[in-house]
Every structure is written in C-alpha cells, then in structure tokens.
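Novice: have a look at this prediction, sequence included:
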Amino acid sequence: MPVPGKKRKDATGVIICKPENRLLRGHESERTIALIKGNKYMKKRPFICLSEPHLEYDAIEPGCKLNVIPVPKKAVLFFGTAYDKKGAPLFKEGDRVKTGQKLILYADSEEYIVSTVTGAISSVSPYAGDFGKSYTSVQIDVAEDETDDAFEKVSGDLSIDNVRNYLSSLPGNLPVKSFSDPDNKIDTIVIAGVDSDLQVITSQYIVSSKMEHIIKGIKILKLIPGINNIVLAARRDSLQGYGHIGAEVKNIGTRYPSAFRQLVIKESLGKILPAGKKPEDIGVCVINAEAVASLGSAFLHNRIPTDKIITLINKDGTKKLVSARMGTPLGDILKAFNITLNHGDRLILGGPMAGSPVYSEDYPVLSDTDAIMVQDKNQIQPVSDYPCINCGDCIRVCPVNIPVNMLVRYLEARMYPQAAEEYDLYSCIECGLCSYVCVSRMPISQYIRLAKYELAEINRAEAANA
Amino acid sequence: MPNQKKLIVSHAPYCHDGSNISTRSNNIMLAALPAVLHGCYLYGLPAVGVVALSISTAIIWEYLINLLTKRPSTIGDGNAAVIGMMTAMLFPATTPWWAVITGTFVAIVVGKQIYGGIGGNPFNPALIGIAILMLSWKNIFDIDYALLNYDFNFPAAYPLVALKHYGASSVESFSLTDLLMGNQTGSIGSAFGLALALGGLYLIIRGFIRWEISFSFLAALIITSLLFQLYAPGKYAGPLFHLLTGNTLLGAFFLATEDSSSPVNFIPMLIYGAGTGLMVMLIRNIGGHADGVVFAILLMNLTNPLIDKIRPKAMGKVNSHA
C-alpha cells in the first residue's frame, strides 16, 4: 500500500485524472448541489403519488470524460475457486508473471485467469465473499509491463478455441463457459448495451464509444456453432449514426428495471424466462456490451485487454467514468478522486438498487466490476423490524407481479418452501424496488435473497443425503 | 486494532424513498380533521370531549399492551391515534365516557393487538370497537335519541332513520346541499360530506389510500341505490341521498380503505369495494339497521383473504400442478 501523505509517482505516464477534475469543478459544483437536493438514487416519494414511482435510468451525458487510473503498485487477482490449504498451487510466492499470462491455480482445475499486470506474486490467500462463497486471492507486486506473447501468436486466427483458451477473464466478464459447454444449446445471444442498475453508465459508454470493437466482437460471436440470432439491446438514443452492425438492434426502455436480464429477454426476444431458470436454459446467453467490445479489441489489437471501464458513484451521487487495470484495489481508485472512506461508510460494487457490498478497500477491480458506489454513513437508511402493514405499494411497483405482501409474511416466518411454491419467490429478479418503496422499511429484497440462499442450502443438503 | 476502519455491509438496495408509517397516519388524520372539526362545531364541547377521549385512550390502550407484551412502544407510528380518531368519528356526540373507553379498548386490544399489532388485524379495528358497542348498547347509537337536546337550524331527524320508517317521501325535505355541507345529524365525523370527500381525494392523490376501493365502493352504492329507486320510487331514496347520508363517505374513504383488512391487488380491490357498496345498500334498504356501513365493511373484511388470492400471474411462473 502506498504511504499516506506521500504523493504517488505516475510510473507509466498515464494521464492522471486530477487536473481534469479541477477544470470541471466550476460546472460540476452546481450539478453536485442539484444532485444532493434531488439526489436521484435517493429519490423521495413524490407528493402526488397516484401511480407507482418511476425510477429512470441515467442517460450518458455527451462528452463524458474517461478518467484513467494509473497502474497500481500492488494488484490483486481473484480465482473463483476456493483456496485449498492442502492443495498445491501451480505457482508460488515470488514467481514472476507477465501481463497477459495465463495462470492456473490447481492442476486439476480448468479455470484460469489472465494476469493483467507484470510483477512478482507476493501472496496467495483465501478470500471470503458474499453468502459464504470463497475465492482465492493472488497479490502481485507490480513492475514494468511486459506482455506475454502467447495470445499474440494465435490471434490472427479468429476461432472459438482461442476465445476459450485465452479470453475467459475479459473485462465485462465474457461467459465463455456457457457457450463452450456442449450441454447448453445456445442459439441466441443478447448483448446488453445498458447496465441493469440505476446510475451505472458503463455499458452505455461502451456502446457509444467502442462500436467498432463491438462489431468485431459480434463477428467472432457468430463463429460459435449453433448461434443464429444476435441482438444488441440498447437505448435508442445511444445508437445513432451506426449502420449495419451485424446484429439486430432492440430498444430498451429507460425506466428501471427494464435492463434486467429477464426483462431484456422478454422485451427483445419475446421469450419469458421461467422462474428460477438461467437464460442459458432457454438457449439465450446475455453478454455485457463491454465483454463483446473486449473480445473484438483482443483480436483487433492482438492483445488481451486488461482495462475495465467503471462507473464511480460518489457520496454526493455524482458519477465519474473510470478506466482502471483489472486487479487495481478499489482503495486506489477512491484515492485518485480524493474520496475518503470513514468508519461506518459503505463501499458497494454495482449501483444503488442491486449492488453488493464489500468489506475491504483492498478488494480489486474484477472483470464484472461495472460500478463502484460509495455511500456515506449519514446516507445509510436503516431497515426496521416493523411488520408489513399491507399498504400494497410493493405490489404496485413489482415488475414481475409477485404478491410481495404475502411473500414477505412467509419469509419472515422462514417458511421458505411455501414461499417458493405459492408466492413466486423464484420469479423475483431482485431489482430491490419493494424494499425501496416499503413504508414499514422492511428488508424485503434482503429477505428474498436470504430465502433463495437457504433453499439452495436445503436442496444441497437433501441431494447430499439422498 | 482499536481504531480500525470498518465498512458497513448489507444487501441491496441501498436507498429508500423516505416513506414511513407515521407520515401516513398523520396524513390520514389531517384528511379527516375538517370533518371532525365540523362535528365539534355542530355539537359543541361534548363532541370535543368524545374525540379527545377516544384518541387519547386509544393511544393509552396501545401503550399498555406494549408494556404488557414487553414489546417496543408502537404508539409513535400514529396508527393507534388514527384508530382512536376513526372510532370517535363514528360515535354520536353524546356518547358517555365509559362507552368511549370501552370502544377504544375493543378497537385497539381486540381489534388490533391480539392479532399481533399493526398489519395483522383482519378487520378494521375501529369498526370492531363500534360494532361491539352497537350490539351491546344499542341506544347509544340511536342518533335521534342521542341528539334529543340539541337545537339545529336544519331538520333534526336522522335522515336514514326517517327514510327507513317513513319512506322516500319523508326525506324530500332534506336538501342535497344541506347534506353535502354537513347540515344533518349523524355521528361526529360523518355529517360533513364535502370535507370527507375532499379529504379522501387528498389521500388518494397522495397515494395513502387505494382509490380502487373508494371508487368501486361509491360506484356500487350509487348503482344499487338507483336500481332500488327505479324498482320502487316511493319506498327507496335515490343514490345522491344515500351517498351523502349516514357513514357512506366516511366508510368509502377512511374505513373500507384500512390497509391491513383490505385487498391490495387490482381486481380484488374492485370486488371488495363493490361488495361493500352493495352490502351497504342491502342493509339500508332491506336489512334491520338504518345505516349498514359498519357491518358491510366488516363483512367484506371477512372476504378479503379469499378475494385477494385473485392476482396476476407472476412473470415466469411455472405451474407445477398442471
């Protein structure tokens, strides 16, 4: 970690974002005040409340600047597999890795990640994530970039094998597994050109600025056997001026939560995802626009992309577009914008409605880190243990018609199987609107997630004992 | 490390629209206030006494139950005060003090708290309190008897009783403007139709009550009374008379819309409201009571769990019983 107070040198000569900020300050302070007053994600219940609240997705502002964060001194890479104390990792502390080099943790696992930095591995340790998930974290002391040329040698050949072998950890999290798995018969790919959460503009930025990469990426996706339909789902206003892109373009509504995968599939393909199923189960694969752009970029520039585009949402609700090397600790990004985290604040991956929390500033930027949100402890609205008063606001706001008032009574009583069977637990897309409008301030969305987790645990235990 | 910085972790969402129960309760009381003030103006200090005693004892009963059950105090959410106010609005101005205290006891304890408090009551608590008193001490709710000693500058007969006993011709002397402006006898909060309607509209616009219930209630009441009138014009009064007398508007905007005892899905709300309107007219025209609002709403409260099962299919629902 850099010493506090000591100015960090910019070793790589990448643009530092501070001067830009200063230029923007006059114009921005006005906007900041406006946002605090009518802070969009803290949108209050309107005085006139004849219909359910309308939360609108933010459109990307024209001329939105991308702030580039310098390569960090220390980077952290995450393996999705749990750390095995007795296992023998294929690399050890002190090993040198190059940018673009494939790293495999254990000999018997197929999972690999691509190092996004060059340097020496300083530690391999377990990391405990959400809902008991565990990861293996690999810390690297970063040195001058050197590129591993394994991909460059084969990148002239546009083939799915190359994608499978080198590009599973692209920025935007390309779901390589789902279209290389022979059990899944995927025939349709939906490219999500809008982020599902409020305030996040990462995908919109990609669509509006990296269309050539996306077009190249679409060409590669078409090589996947069995694919007969590729759809780009985006806001109409972000798609002007492009001719044929090789995919059908569908418009996505601007009202939250229309960019959630289930609703995108419904809107753009006319298919309804059965409750509790993954898109892959009905032959659809939803891919972030950034993943497609990274895929195109990899083959256009013969180099595995390593930089992730992130929407940074500050405490006052203002946002910045950031480009950071994957593996950069979140704390480094906050520091670049002079954002201080105090005791009791929140650091959130994702947006205000469906993000997930992290407990440490050392958590790195991963391939699916589309947004980082910082919330001051004064902004944190506590939930309450009040019962449901049956006001019906959640019923009106629910995009998938769940009887939330009944569901939450069952969930409070921990009657999870009944909740799933009779009150549509698995139809929930976890948009969070029910918690947002709840007059009793019940943690409804949180109860739903807990119920799904508990049911999965029950099912797992039953399967193990069967 | 003693001064280690710790972050709060919790699941999404990380925002709330700021609504809460006490705002809701306060607005309901605010909307009902003009009608209550009119009652106090019309009946003087006895009415003020009933309203004050009713609201305060409702809060006290709730607090005592909180103490007894060793749960955190819930009087701050304003729901007990709302129940007290609704009960007061249904009392005639001369209700004796012991009846008021008994009424709020039944409303808060039997009507609400034994079901687990706010949100758990299957019936409107205020109506439970009133219904028990109506069945136990009938005379208290005989409006004509209760207001015997008052001198009004308008016909002092309770319109619904007049209609019941002397037929439609006897109520021709009531002008609709008088009824709308509150120049009629009745319980404390039910006479001033204009204030009740405006208060109800305010609550609908603010989203604190569900318009479907009020509108279908009134629509069904108007249609049913119109049919009755067309069938026997000499015997039954017209829709506007029924709309503006008795507890109709109070019931449509403040009582039938009580959150916990009414449905939340669209079609059930229409059925519930329409059923209440229909029952009110049936009780008034062919039943034993002069005004049927209290029992009609309680009856439809009973059907709420059943009719609220009619609901739209959740997206992606897989019917496992097919």
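Specialist: Cool, got the structure.
Novice: what average pLDDT does the helix or strand harbouring A:G296 get?
Specialist: A:G296 is located in helix A:289-301, with elements delineated by DSSP states H and E. Averaged over helix A:289-301, pLDDT sits at 93.
Novice: can you name the element that comes right after it?
Specialist: strand A:307-313.
Novice: how about the helices in chain B?
Specialist: B:21-43, B:45-68, B:79-90, B:97-105, B:125-136, B:143-146, B:159-166, B:176-180, B:193-206, B:211-231, B:239-244, B:248-250, B:266-286, B:293-307 (DSSP state H).
Novice: run the angle between the third one and helix B:193-206 for me.
Specialist: Just to be clear, that refers to helix B:79-90. Angle of helix B:79-90 versus helix B:193-206, following axes from the mean of the first three to the mean of the last three Cα atoms, to 10 degrees, is 150 degrees.
Novice: just checking, what packs against helix B:79-90?
Specialist: Counting contacts by 3 or more Cβ pairs under 8 Å, 6 or more residues apart in numbering or on different chains; DSSP states H and E, helix B:79-90 is packed against helix B:21-43, helix B:45-68, helix B:97-105, helix B:125-136. Just so you know, the C-beta spots here come from the backbone N, C-alpha and C atoms, and that holds for glycine as well.
Novice: show me what counts as buried in that helix.
Specialist: For helix B:79-90, burial by neighbour count (16 or more other Cβ atoms under 10 Å in any protein chain shown) applies to B:79-90.
Novice: CSV for those, including distance to B:S225 and pLDDT?
Specialist: Output for the buried residues of helix B:79-90, formatted as CSV (distance: Cβ to Cβ, whole Å; pLDDT from 0 to 100):
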residue, distance to B:S225, pLDDT
B:N79, 33, 96
B:A80, 35, 96
B:A81, 33, 97
B:V82, 29, 97
B:I83, 29, 97
B:G84, 31, 97
B:M85, 28, 97
B:M86, 24, 97
B:T87, 27, 97
B:A88, 28, 97
B:M89, 23, 97
B:L90, 21, 96
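Novice: of those residues, closest to A:G350?
Specialist: Comparing the buried residues of helix B:79-90 against A:G350 with Cβ to Cβ places B:N79 closest, at 35.9 Å.
Novice: the closest one contacts B:S25, correct?
Specialist: Yes. Shown here, B:N79 and B:S25 form a contact pair, counting by Cβ atoms under 8 Å, at 5.5 Å.
Novice: what does stretch A:231-251 rub up against?
Specialist: A:57, A:59-60, A:188-194, A:203-204, A:207-208, A:211, A:214-215, A:218-219, A:222, A:229-230, A:252, A:254, A:259, A:264, A:267-269, A:289 (Cβ atoms under 8 Å, 6 or more residues apart in numbering or on different chains).
Novice: hmm, back to that, list the helices and strands the helix holding A:G296 packs on?
Specialist: strand A:188-192, helix A:202-209, helix A:211-221.
Novice: so which of these gets nearest chain B?
Specialist: strand A:188-192 (16.2 Å; Cβ to the nearest Cβ).
Novice: that closest one pairs with which strands, parallel or anti?
Specialist: strand A:229-234 (parallel), strand A:284-288 (parallel) (DSSP bridges).
Novice: so how far is the last one from its chain's centroid?
Specialist: A distance of 13 Å separates the centroid of the chain from that of strand A:284-288, by Cα atoms, centre = their mean, to the nearest Å.
Novice: quick one, that strand and helix A:202-209 angle?
Specialist: Going by the same axes, to 10 degrees, strand A:284-288 makes 80 degrees with helix A:202-209.
Novice: then the first one?
Specialist: Counting by the same axes, to 10 degrees, strand A:229-234 points 100 degrees away from the direction of helix A:202-209.
Novice: what lines up beside the helix or strand following strand A:229-234 in the sheet?
Specialist: The helix or strand immediately downstream of strand A:229-234 is strand A:248-251, counting by DSSP H and E. In the sheet, strand A:248-251 lines up against strand A:229-234 (parallel) (DSSP bridges).
Novice: now do the buried residues in the strand it pairs with.
Specialist: In strand A:229-234, counting by 16+ other Cβ under 10 Å, buried: A:230-234.
Novice: what about the closest residue in space to A:G392 that isn't next to it in sequence, distance to A:N390?
Specialist: The spatial neighbour of A:G392 that comes closest, neighbours along the chain excluded (Cβ to Cβ, 6 or more residues apart in numbering or on different chains), is B:V264 at 3.2 Å. Distance, B:V264 to A:N390, by Cβ to Cβ, to the nearest Å: 6 Å.
Novice: quickly list what's touching both of those two.
Specialist: With Cβ under 8 Å, 6+ apart, B:V264 and A:N390 have common neighbours A:N405.
Novice: ok, residue 56 - contacts?
Specialist: Let's take chain A. So A:E56 contacts A:254-256 (Cβ under 8 Å, 6+ apart).
Novice: that answer is for a different chain, and I need it for chain B
Specialist: Per Cβ under 8 Å, 6+ apart, neighbours of B:S56: B:G84.
Novice: do you know the pLDDT at it?
Specialist: pLDDT, B:S56: 97.
Novice: ok, so what distance separates it from B:A237?
Specialist: 38 Å.
Novice: equivalent analysis for B:V82, please.
Specialist: 32 Å.
Novice: next: B:C15.
Specialist: Counting by Cβ to Cβ - B:C15 and B:A237 are separated by 52 Å.
Novice: okay, now the closest residue to chain B within the stretch 1-150 of chain A: neighbour count?
Specialist: Per Cβ to the nearest Cβ, A:C49 is where the stretch 1-150 of chain A lies closest to chain B, at 2.9 Å. Using other Cβ atoms under 10 Å in any protein chain shown, A:C49 has 17 other residues around it.
Novice: wait, what's in contact with the nearest residue to it once chain neighbours are set aside?
Specialist: The spatially closest residue to A:C49, leaving aside those adjacent along the chain, is B:G207, at 2.9 Å (Cβ to Cβ, 6+ apart). Contacts for B:G207 (Cβ under 8 Å, 6+ apart) come out as A:45, A:48-50, A:393.
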